[in-house]
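In: sequence below, structure please.
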Amino acid sequence: MAQDKLRDAFCEPVGVTELAEGKAFDLIFVNGPDRARVALEGAFDRTDVVVQPILGRIKRLLVADMDSTMITVECIDELADYAGIKAQIAEVTEAAMRGELDFAEALDARVALLKGLDAGAIDRCLAERVELMPGARVLVQTMKEQGAHTILVSGGFTRFAGPVGAQIGFDRVIANELVIESGALNGAVTKPIVDSGTKERTLLDALGERGLTAGSALAVGDGANDLAMIKQAGLGVAYHAKPIVAAAAGARIDHNDLTALLYAQGLFPEQWVTD
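Out: Here you go, the predicted model:
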């Protein structure tokens, strides 16, 4: 049992709340959060563990990545499929998300390969390939109901992020703009590029604008360009993430969908906004 593992780690359990029958539990304990995390993570099959202070669990700011976080695909890879070069682009995307390449340089190189692609492919890709990540809309709508400000900040493109952000219900959307000339991509992205630094500044600026502390923020993403904002947030989450992100984040979700981040805030399913 989880309580036994906490005792063995000298983290005395003092209470249990079942958030969802047989699915999600709050284990309250005292002492040694790092020991508790080590004791519990990976101890149970297909179980995610988030260890955090009980005070301030309801977050007032959500800053989220888009590709492979709020949606199930990497948009640039899917767009490249319409140009017949998906495998070539996807290889670079994967390396950039693992932190092996400079993000801005890798983005410029990939977009250059799309030069001449009919801009109509963007709308086709959006309609045919882009799907919301399970739990995305419930997470955002519930956090807004609880009083949070929500921002989608993406290293992808406005032509995808705008519709996705509107569908999910984000308060604000930030992304890169593809340059289109004569109905086709011209192989460039408007500068400055939305990168890791942009994501971090977005979170910090939003905290300052609202008079919030870092502990009030939840940041979630999957790639290396999300790490800076994840580290700044009170609850920084690696979501089905690349190894470099999973290893550095304070919390990670490897098995469940985005509603796990509502359980992490102590919210019962009856409190979720599911319309």
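
In: run through the residues that contact the residue lying closest to residue 263 once chain neighbours are set aside.
Out: Nearest in space to residue 263, with sequence neighbours left out and distances taken as C-beta to C-beta, 6 or more residues apart in numbering, is residue 24 at 4.2 Å. No exception for glycine: its C-beta is placed from N, CA and C like everyone else's. Contact partners of residue 24, counting by C-beta atoms under 8 Å, 6 or more residues apart in numbering, are 18, 260, 263.

In: could you dump those to TSV with distance to residue 127 and neighbour count?
Out: As requested, these are exported to TSV (distance: C-beta to C-beta, whole Å; neighbours: other C-beta atoms under 10 Å):
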residue	distance to residue 127	neighbour count
18	41	11
260	29	20
263	32	21
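
In: so where do the strands sit in the protein?
Out: With DSSP state E, the ranges of strands along the chain come out as 12-20, 24-30, 61-64, 149-157, 172-176, 178-181, 184-189, 217-221, 235-239, 251-253.

In: relative to the centre of this protein, find the outermost residue for me.
Out: What lies farthest from the middle of the chain is residue 182; by C-alpha atoms, centre = their mean that is 34.4 Å.

In: just give the nearest non-adjacent residue to residue 112, would you?
Out: With sequence-adjacent residues excluded and distances taken as C-beta to C-beta, 6+ apart, residue 112 is closest to residue 187, at 4.5 Å.

In: look up how far residue 218 lies from the one you found.
Out: Using C-beta to C-beta, to the nearest Å, we find residue 187 at a distance of 36 Å from residue 218.

In: swap in residue 2?
Out: Counting by C-beta to C-beta - residue 2 and residue 218 are separated by 23 Å.

In: burial count for residue 162?
Out: By other C-beta atoms under 10 Å, the residues close to residue 162 number 15.

In: tell me how many other residues surround the nearest residue to it once chain neighbours are set aside.
Out: For residue 162, ignoring the flanking residues on the chain, the nearest one in space by C-beta to C-beta, 6+ apart is residue 173 at 5.8 Å. Applying other C-beta under 10 Å, we find 20 residues neighbouring residue 173.

In: my guess is residue 173 meets residue 163, correct?
Out: No: counting by C-beta atoms under 8 Å, residue 173 stays clear of residue 163, with 9.4 Å between them.

In: more neighbours: which of residue 187 and residue 218?
Out: Neighbours per residue (other C-beta under 10 Å) separate residue 187 from residue 218, with residue 218 holding more: 27 against 17.

In: who is the more buried one paired with across the strands?
Out: Residue 218 has these beta-bridge partners by DSSP bridges: residue 62, residue 235.

In: from residue 107, how far off is it?
Out: With the distance defined as C-beta to C-beta, residue 218 ends up 26 Å from residue 107.

In: want to throw the strands of the chain into JSON lines with distance to residue 205 and mean pLDDT?
Out: What follows is those, written out as JSON lines (distance: least, C-beta to C-beta, whole Å; pLDDT from 0 to 100):
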{"stretch": "strand 12-20", "distance to residue 205": "33", "mean pLDDT": "91"}
{"stretch": "strand 24-30", "distance to residue 205": "32", "mean pLDDT": "92"}
{"stretch": "strand 61-64", "distance to residue 205": "10", "mean pLDDT": "98"}
{"stretch": "strand 149-157", "distance to residue 205": "10", "mean pLDDT": "98"}
{"stretch": "strand 172-176", "distance to residue 205": "11", "mean pLDDT": "98"}
{"stretch": "strand 178-181", "distance to residue 205": "25", "mean pLDDT": "98"}
{"stretch": "strand 184-189", "distance to residue 205": "22", "mean pLDDT": "97"}
{"stretch": "strand 217-221", "distance to residue 205": "11", "mean pLDDT": "98"}
{"stretch": "strand 235-239", "distance to residue 205": "17", "mean pLDDT": "98"}
{"stretch": "strand 251-253", "distance to residue 205": "23", "mean pLDDT": "95"}
